[in-house]
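**Student:** any chance you could fold what I've pasted below:
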Amino acid sequence: ELTQRVVSTLGLKLDTLFYDTTNFFTYIASTNARPKLAKRGRSKQRRSDLRLFSLSLLVSRDGQIPLCSRLYEGNTVDVRSFPDSLTHIRERLEALSLSLEELTLVYDRGNLSRDNQRRIDRSPFGYVAAMTPSHHADLLAIPAADYVPLPKTSRLAGLPVLRLRREIWGAERTVVLFTSERLRAGQIRGLEHHLRKRLAELAEWKDTLRKPRSGPRSPEAAKRRIEGLLSGQHLKKVLRVAYHPKRKGSDRLEYGIDEDARTHLIQEVFGKRFLVTDRHDWSDEEIVLAYRGQSRVEEASASSRTNTTWPSAPSTTGPTRRSTSTPSCASSPSSSRAWSSTRPAPSAAARACRVSSIGSGAFASRWSCALRDPRADAPGVSGSSSRAIPKRSRSSASWSPTRPRLCIQPTASNSTLQHGFPTSHAESPVNSR
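**Tutor:** Alright, predicted model coming up:
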């Protein structure tokens, strides 16, 4: 009922819906058998050592309003959770009295498989989905020169695009191939990083082989080490490594970069994205924009994992001793409300410097960190006494009237500030650590 009222009041157009999944790590002990959702799996925050729970989310294109969500076990991969989520989505949309035939579901390649696509084909709504280029060698082999830039009148002017009709998984579908320069640049940086790392390891290995009675004990051991060095993505295509056990010294190892293979990757493989849809009447621009809109859901998912904002205490008139066990920002939600309503705003003495993460995991966020002298907030004292933060001061938990104290405030870019506090997060949970 609430969702229906929001949609009708705001006049939202629910023609295109974005679907995405994410997961969150917890500090639930492994010996605690009561939680059923918290399982060990592949963490998107790289915390696979902790138990996870997963979340699937469906939002509208217009306004990014959440329409449907589902919690499930943290060890369930996206492609396996999609069928249950699809059933839940259909029931939810029918409860909202929406015309399913007019809806288009947009989802990423992590949810795409032959069986999942068959379920989509049997559903009443349309779809726009991304495919993994490496799974479709025939499409990947099409030269980039065949792609045609979109006209200057398009919102995606200059984007190289190729539109095809192909039979994929037993049905004729519209396929749109396009090149993303941003993706290409990121893939090039990744390849160059891996190459520099592997070349350094190979040079160290070659230097070790100069020593007498050094090197692998058998050709099989050398082969296993070479396979480990070439385990990164695309490295087997670009990096050439050979070990000759009959030679002596450093001559046993030869390696180098295949420049032709690297050029082919950069020009013909990197940056390519493949989209598939049953909206045959849509233009290339509409299909690509629908897919790019799905990234907003991914950004929201990433933000929910890492950009939780906490309220922080403003300065008070005169020095006040703070607890040495809990940071000034780590207090209860009730005290946060008291701060925002009864305490004065922070003084102008706070100077901000960016801190990438404070806390851990899902509570990590971007903050402004200022070292403030409490004497600057005393009555009759003007000006700023902020200065650079020495490492000894950061780690010190004791306080003295002459020692600056560390105050943490959220930046204005994260939320709207009122009286020095984020109004949208005044009652948000706080990391007790």
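**Student:** correct me, but Leu275 touches Ala130?
**Tutor:** Yes. Counting by Cβ atoms under 8 Å, Ala130 is a contact partner of Leu275 at 5.9 Å. Just so you know, the C-beta spots here come from the backbone N, C-alpha and C atoms, and that holds for glycine as well.
**Student:** so what's in contact with the two at the same time?
**Tutor:** Shared contacts of Leu275 and Ala130 (Cβ atoms under 8 Å, 6 or more residues apart in numbering): Tyr291.
**Student:** quick one, which of the two is more surrounded?
**Tutor:** Legend: neighbour count by other Cβ atoms under 10 Å for Leu275 and Ala130, higher for Leu275 (23 against 18).
**Student:** ok, Arg273 - how many residues close by?
**Tutor:** Applying other Cβ under 10 Å, I find that Arg273 has 18 neighbouring residues.
**Student:** quick one: mean pLDDT over the helix or strand encompassing it.
**Tutor:** Assigning secondary structure by DSSP states H and E places Arg273 in strand 272-277. Strand 272-277 carries an average pLDDT of 95.
**Student:** number the chain from 714, please
**Tutor:** Okay, residue one is now 714; in that scheme the one you just asked about reads as strand 985-990.
**Student:** pLDDT score assigned to Gln946?
**Tutor:** At Gln946, pLDDT is 87.
**Student:** so what pLDDT did Ser1113 get?
**Tutor:** Reported pLDDT for Ser1113: 42.
**Student:** same thing with the one 5 residues further on?
**Tutor:** The model reports Arg1118 with a pLDDT of 42.
**Student:** pairing partners for the strand holding Arg986, with directions?
**Tutor:** strand 839-844 (antiparallel), strand 884-892 (antiparallel) (DSSP bridges).
**Student:** what about the closest residue to Glu981 other than its chain neighbours, neighbour count?
**Tutor:** Among residues not flanking Glu981 along the chain, Ala857 sits closest, at 5.7 Å (Cβ to Cβ, 6 or more residues apart in numbering). By the other Cβ under 10 Å criterion, the neighbourhood of Ala857 contains 15 residues.
**Student:** Pro873 is in contact with Ala857, correct?
**Tutor:** Yes. In this structure, Ala857 is within contact of Pro873 by Cβ under 8 Å, at 6.9 Å.
**Student:** so what sits against both of the two?
**Tutor:** Thr892.
**Student:** quick one, strands of the stretch 914-1063 of the chain?
**Tutor:** 952-956, 966-970, 985-990 (DSSP state E, counting those that start in this stretch).
**Student:** what's the longest helix in this structure?
**Tutor:** Assignment by DSSP state H gives helix 894-921 as the longest helix of the chain.
**Student:** elements contacting that helix?
**Tutor:** helix 932-942, helix 948-951, strand 952-956, strand 966-970 (3 or more Cβ pairs under 8 Å, 6 or more residues apart in numbering; DSSP states H and E).
**Student:** same list (these) but as a markdown table, adding mean neighbour count and distance to Leu912.
**Tutor:** Below are the helices and strands packed on helix 894-921 laid out as a markdown table (neighbours: other Cβ atoms under 10 Å; distance: least, Cβ to Cβ, whole Å):
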| stretch | mean neighbour count | distance to Leu912 |
| --- | --- | --- |
| helix 932-942 | 14 | 10 |
| helix 948-951 | 17 | 11 |
| strand 952-956 | 17 | 8 |
| strand 966-970 | 16 | 8 |
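**Student:** nearest to Leu750, of the ones you listed?
**Tutor:** Among these, the nearest to Leu750 by Cβ to Cβ is helix 932-942 (36.0 Å).
**Student:** buried ones in stretch 888-908?
**Tutor:** Under the neighbour-count criterion of 16 or more other Cβ atoms under 10 Å, stretch 888-908 has 888-893, 897, 900, 904, 907-908 buried.
**Student:** remind me which residues of this structure are low pLDDT?
**Tutor:** Counting by pLDDT under 70, the chain has low-confidence residues at 1009-1146.
**Student:** surely Gln758 meets Phe738?
**Tutor:** Yes. Counting by Cβ under 8 Å, Gln758 touches Phe738, with 5.9 Å between them.
**Student:** more neighbours: these two, which one.
**Tutor:** Counted by other Cβ under 10 Å, Gln758 and Phe738 do not tie: Phe738 has more neighbours, with 24 against 18.
**Student:** isn't that one up against Lys757?
**Tutor:** No. With contact defined as Cβ under 8 Å, Phe738 does not reach Lys757; the gap is 9.1 Å.
**Student:** restrict the strand holding Arg986 to CA atoms and write it as CSV.
**Tutor:** Only the C-alpha atoms of strand 985-990 are listed here, as CSV (Å, rounded to 0.1, in the frame of the first residue of the first chain):
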residue,chain,number,x,y,z
LYS,A,985,33.3,-4.5,-25.7
ARG,A,986,29.9,-5.0,-24.1
PHE,A,987,27.1,-7.3,-25.4
LEU,A,988,23.4,-6.7,-24.7
VAL,A,989,20.4,-8.9,-25.6
THR,A,990,16.8,-7.9,-25.6
